[in-house]
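*Asks:* I'll drop the sequence and a predicted model, then ask my questions.
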Amino acid sequence: MHLIINRDDLIEPILETKLPKTDKKGIYKIDLKDYNISLEKGVEYEAFLVIILDKIERSADFFASTVLKYEPKNIKDKSPLAYAKE
């Protein structure tokens, strides 16, 4: 799996890496601290995750993308629902 994180105002990605191989299934935690990356408050980023099944025939790749925006809250409740917009 490859992870790419772009920032809109920069030409080069802030992170482009091949993630460690694992046989585990499910949801994975990717700690940006492991890559010396931190997101800036209020800045939008694009993240792409690519799973390459065949290095020669790239049309079979699995591709996912999302937009991230780090907005810290001053909330005592750290549950995921505490950050949901009403």
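*Replies:* Everything's here; your move.
*Asks:* element containing the residue most central in space within the chain, please.
*Replies:* Note on the chain: the residue nearest the mean C-alpha position is Ala47, at 4.6 Å, using C-alpha atoms, centre = their mean. According to DSSP states H and E, Ala47 maps onto strand 44-51.
*Asks:* That strand pairs with which strands?
*Replies:* Neighbouring strands of strand 44-51 in its sheet, by DSSP bridges, are strand 2-7 (antiparallel), strand 62-69 (antiparallel).
*Asks:* List the contacts of the last one.
*Replies:* Okay, so that is strand 62-69. 5, 39, 42-51, 53 (C-beta atoms under 8 Å, 6 or more residues apart in numbering). For glycine as for every other residue, the C-beta is placed from the backbone atoms N, C-alpha and C.
*Asks:* Which among these count as buried?
*Replies:* Buried by 16 or more other C-beta atoms under 10 Å: 5, 39, 45, 47, 49, out of these.
*Asks:* Would you point out the most distant pair within those?
*Replies:* Using C-beta to C-beta, the pair of the buried ones among the contacts of strand 62-69 lying farthest apart is Leu39 and Leu49, separated by 16.3 Å.
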